[in-house]
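A.B. asks: for reference, the sequence and a predicted model appear below.
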Amino acid sequence: MSAENNQQSGEQLLLNLQRGTPFIKVKEESRKTHERTFSVNKEATVLSYRPSKKGWKARYRIEDIKEVRVGHETDTFKARSGYPKETCFSVIVGVNNKTINLVARSADDAKIWIEGLKFAMRHSQAIDIHKQQQVWIRDYFLKADTNNDGTLDFDECFKLLKKMNMKIERSHAKHLFKEADVKKSQTASGKVVENRLDIDEFVAFYKKITNRTEIKELFKKYSGDDDYWTASEFTKFMHESQKRLDVKEEWCLNVIEKYEQKEVCRQKKILSYDGFVLFMLGPNGLVFNPYHDSVYQDMTQPLTHYFIASSHNTYLLSDQLRGPSSTEAYIKALQKGCRCVELDIWDGPDNEPVVYHGHTLTSKILFRDIIEVINKYAFVASQYPVILSLENHCSVPQQQVMANIMQTILGDQIYKEPVKADEKDPPSPEALKGKILIKGKKLKVEDEDDGDVSDEDEAADIENVEDEEVRQQLESSKKKKSKKLKLAKDLSMLVCLCKSVHFHNFKESAEKYKFYEMSSFGESKAMDLAKHSGELYNEHNKKFLSRTYPAGWRTNSSNYCPCPLWNAGCAIVALNYQTHGEEMDLYLGKFKQNGNSGYILKPVFMREEGLKFDPEKPSAEYKKKLRFKIISGQQLPKPKGSKEIIDPFVKVSIYDMNQEIDAKTEVVENNGFNPQWNHDMEFDVKVPELALVRFTVYDYDMSSKNDFIGQYTIPVASLQLGYHHVPLVSKKGVALSPASIFVHIMSSSKS
């Protein structure tokens, strides 16, 4: 089918979606079902349903839809499989994989919606920054249009300004409203009304309200006496202000073609102020280096030369004692670029191994279901190898079932190449693309049959348990526990590059370890080694993989700070991906670089023989000075449940060599819409290649704890110099678009 016919077919699908279709909506956490009519708006940017008491919350942006699953592919449908598969599908929304489970009246209705939503998703991905801005504005319009008549009167507009955190004189707002109200408007019912804004007029009103004086001043600095930039002036801006000396005029001409909205300016190859604003909201106007959004590092070095994104107790959705286990947790982790996931496997009924947190009351899921999910999602976010960290507590018969399940489902994806006698280093991530590595215990080569290995049980490390039922379960299990485990040869044969061995000391590992052997370290042991033996730990980690995991007392699934262990060269620093917070912000921020591939090449001093590195005493040769000017904020949201306009301030934190240094702006009162700080701060960074920077916005509260508004964390090495926007994300990692802060950054070597 031609592209034109495909487009027509897609548009026909969207027309069907716009008309609306009734579905049974199956709730995730209860047995309730409701009939709801779902539809997509005319612009194919919003999915909504009715009736609903949630108002605008019963709407989802198409750009936030991650996937559409067909049939019984969610935990909800697997638990309630009475609906015909051909009528079922699930819409997965947002970074936390909110699941909307729908049952159509017919297989044809389901098919139309599955194909239509997928077309709308592709369409939303192709939207440029100008159209994206229009979507944001329309989103505000729809939230303010409380009576759904397609127009806004002044009171609705003024209430919206307060919701958007803007304090403005009523008379000034009225003046801007009248300027935007240039024609009579027509309501959704067809009635002609005056003194109301339709959506196009509201866009004009919004642009007047959101005028950026600091951007205007920056534009005027290079525009001379006129109100546009030539390609030459644009190039000068990129060289002088942004320190992008690689930029040529040809690049600037391409940018003008992409961002300039006025046809007359495009023809003259000049950039207007409006075009510049759009450019500054695009990838090159963001603080994160867009070059680092793709794989840019050398991926042909040994596996031990990389930091690897890794999850602890991946199966859990919440706490370590009674929390639910779910295959969805594996999907979320893999979609975020995680490359090492953990499975705690125990004997299950009907000869089917199960995964759960041993000795506790967490729920159980089939090992088979997890392997099915890994087969489907392992290489969606990244093509580089996935490590399955097996904590095996099964009997030999169920270990054989495990081996059979993995070989049947994963097939040739499992890396099973025997180690060659002359090999001294593991293969590279590039050589292992599309491969799954099994980490676990391995029998000695001379063992011809099943044999004994040590049983290393992380769950047995759990301590300080107050829940009496869980504590009794844990103590009972520990009494029955043997220090030896019978290992099935079939399972042992699948372990090739990640053989688990017990760590004794650095001298023994240097003399006896093979390159394919690796150890796991509990949090306290790992932190102690990193602090008191950092140089030796780094030398060890040049040759061998080290995996670290949270302490047993973290029964609420809290996390430790990963930075000290990265600074010691540990490759597999495992965190509880299900737990949001500062530690996970640092984690996801670090792995944002290198295309979110889950692999980051360590600095040269952590890879090369002969180069020593002690994180407690780093060489002065790495030092840099960073200078920040926090200029302004844009459309900062209110804390959940708050009705007051916020008093925002910004905290900038540098995580550098086992210390956090920070600085704060002053507080701007009663302005979350466009606060101006113009605050200078500077930092001496000891090792920029390992350092992270975190921008956090708070709402100041004199009488209680300051409210968190949003944050953004990236490697210092991924910062763009010059003027850029810092996009903010919520505590749960949800983008708070269009909320941002505007900053200027410079760096210099520190003598």
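C.D. replies: Thanks, I have it.

A.B. asks: for the rest of this, base every contact and every neighbour count on C-alpha atoms.
C.D. replies: OK.

A.B. asks: where does this protein dip in pLDDT?
C.D. replies: 1-8, 29-30, 53-57, 126-134, 165, 185-190, 446-448, 455-483, 750-751 (pLDDT under 70).

A.B. asks: surely Gln297 and Asn594 touch.
C.D. replies: Yes. Assessed by Cα atoms under 8 Å, Gln297 is found in contact with Asn594 at 6.5 Å.

A.B. asks: secondary structure element holding Leu142?
C.D. replies: Assessed by DSSP states H and E, Leu142 sits inside helix 129-144.

A.B. asks: quick revisit: more neighbours: Gln297 and Asn594, which one.
C.D. replies: Remark: of Gln297 and Asn594, Asn594 carries more neighbours, 21 against 14, as counted by other Cα atoms under 10 Å.

A.B. asks: give me the common contacts of Gln297 and Asn594.
C.D. replies: Common contacts of Gln297 and Asn594 (Cα atoms under 8 Å, 6 or more residues apart in numbering): Ile600.

A.B. asks: and Leu160, which of the three is it?
C.D. replies: Secondary structure state of Leu160, per DSSP: H, G, I helix; E, B strand; the rest coil, is helix.

A.B. asks: now it, nearest residue through space, not along the chain?
C.D. replies: Nearest residue to Leu160 in three dimensions, chain neighbours excluded: Ala144, at 5.8 Å (Cα to Cα, 6 or more residues apart in numbering).

A.B. asks: count the residues that sit near that neighbour.
C.D. replies: Count around Ala144 with other Cα under 10 Å applied: 22.

A.B. asks: what sits against Ser223?
C.D. replies: Applying Cα under 8 Å, 6+ apart, the residues near Ser223 are Trp229, Thr230, Glu233.

A.B. asks: now for the residue nearest to the last one when sequence neighbours are not counted, how many residues are close by?
C.D. replies: The shortest distance from Glu233 to any residue that is not its chain neighbour, by Cα to Cα, 6+ apart, is 6.1 Å, and that residue is Tyr222. The criterion is other Cα under 10 Å. On that basis, Tyr222 has 19 neighbouring residues.

A.B. asks: confirm Tyr222 sits in a helix?
C.D. replies: Yes. Tyr222 sits within a helix when classified using three-state DSSP.

A.B. asks: residue closest to the middle of the protein?
C.D. replies: Lys336 (5.3 Å; Cα atoms, centre = their mean).

A.B. asks: ok, that residue touching Ala381?
C.D. replies: Yes. In this structure, Lys336 is within contact of Ala381 by Cα under 8 Å, at 6.9 Å.

A.B. asks: report the set of residues contacting both of those two.
C.D. replies: Asn596.

A.B. asks: tell me which strands the lengthiest strand in the chain pairs with, and in which orientation.
C.D. replies: If you go by DSSP state E, the chain has its longest strand at strand 735-749. Within its sheet, strand 735-749 is paired with strand 624-634 (antiparallel), strand 722-729 (antiparallel), according to DSSP bridges.

A.B. asks: returning to that earlier point: wait, what's in contact with the residue nearest to Glu233?
C.D. replies: By Cα under 8 Å, 6+ apart, Tyr222 lies in contact with Trp229, Glu233, Phe234, Lys236, Phe237.

A.B. asks: now Lys416. Its backbone dihedrals?
C.D. replies: As for Lys416, its main-chain torsions (degrees, to the nearest 10) stand at phi -130, psi 20.

A.B. asks: correct me, but it touches Cys498?
C.D. replies: No. In this structure, Lys416 is not within contact of Cys498 by Cα under 8 Å, at 11.2 Å.

A.B. asks: the more surrounded of the two?
C.D. replies: Per other Cα under 10 Å, whichever of Lys416 and Cys498 has more neighbours is Cys498, with 24 against 16.

A.B. asks: and Ser294, how far from Glu352?
C.D. replies: Look at Ser294 and Glu352: by Cα to Cα, to the nearest Å, they are 40 Å apart.

A.B. asks: which one of these two is surrounded by more residues?
C.D. replies: Per other Cα under 10 Å, whichever of Ser294 and Glu352 has more neighbours is Glu352, with 17 against 13.

A.B. asks: correct me, but that one touches Val401?
C.D. replies: Yes. If you go by Cα under 8 Å, Glu352 and Val401 touch, sitting 7.3 Å apart.

A.B. asks: can you pull out the strands in the stretch 651-751 of the chain?
C.D. replies: 659-664, 676-685, 692-699, 707-715, 722-729, 735-749 (DSSP state E, counting those that start in this stretch).

A.B. asks: let's verify the closest residue to Gly10 other than its chain neighbours: helix, strand, or coil?
C.D. replies: Spatial nearest neighbour of Gly10, excluding adjacent residues (Cα to Cα, 6+ apart): Phe119 at 6.1 Å. Look at Phe119: counting by three-state DSSP, its state is helix.

A.B. asks: and Phe119, how many neighbours?
C.D. replies: Phe119: 19 neighbours (other Cα under 10 Å).

A.B. asks: please apply the same query to Val264.
C.D. replies: 10.

A.B. asks: and what of Glu508?
C.D. replies: 10.

A.B. asks: which phi and psi values does it adopt?
C.D. replies: phi -70, psi -40.

A.B. asks: tell me which stretches of the stretch 501-650 of the chain form strands.
C.D. replies: With DSSP E, counting those that start in this stretch as the criterion, the stretch 501-650 of the chain has strands spanning 517-522, 546-549, 572-575, 599-601, 624-634, 648-656.

A.B. asks: try the stretch 1-150 of the chain
C.D. replies: Under DSSP E, counting those that start in this stretch, the stretch 1-150 of the chain gives strands at 21-26, 33-40, 46-50, 59-61, 65-70, 88-93, 98-103.

A.B. asks: in JSON lines: these, plus mean neighbour count and distance to Tyr587.
C.D. replies: Output for the strands of the stretch 1-150 of the chain, formatted as JSON lines (neighbours: other Cα atoms under 10 Å; distance: least, Cα to Cα, whole Å):
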{"stretch": "strand 21-26", "mean neighbour count": "19", "distance to Tyr587": "34"}
{"stretch": "strand 33-40", "mean neighbour count": "19", "distance to Tyr587": "36"}
{"stretch": "strand 46-50", "mean neighbour count": "20", "distance to Tyr587": "31"}
{"stretch": "strand 59-61", "mean neighbour count": "18", "distance to Tyr587": "27"}
{"stretch": "strand 65-70", "mean neighbour count": "18", "distance to Tyr587": "21"}
{"stretch": "strand 88-93", "mean neighbour count": "22", "distance to Tyr587": "22"}
{"stretch": "strand 98-103", "mean neighbour count": "21", "distance to Tyr587": "22"}
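
A.B. asks: quick one: closest of those to Val716.
C.D. replies: strand 65-70 (28.9 Å; Cα to Cα).
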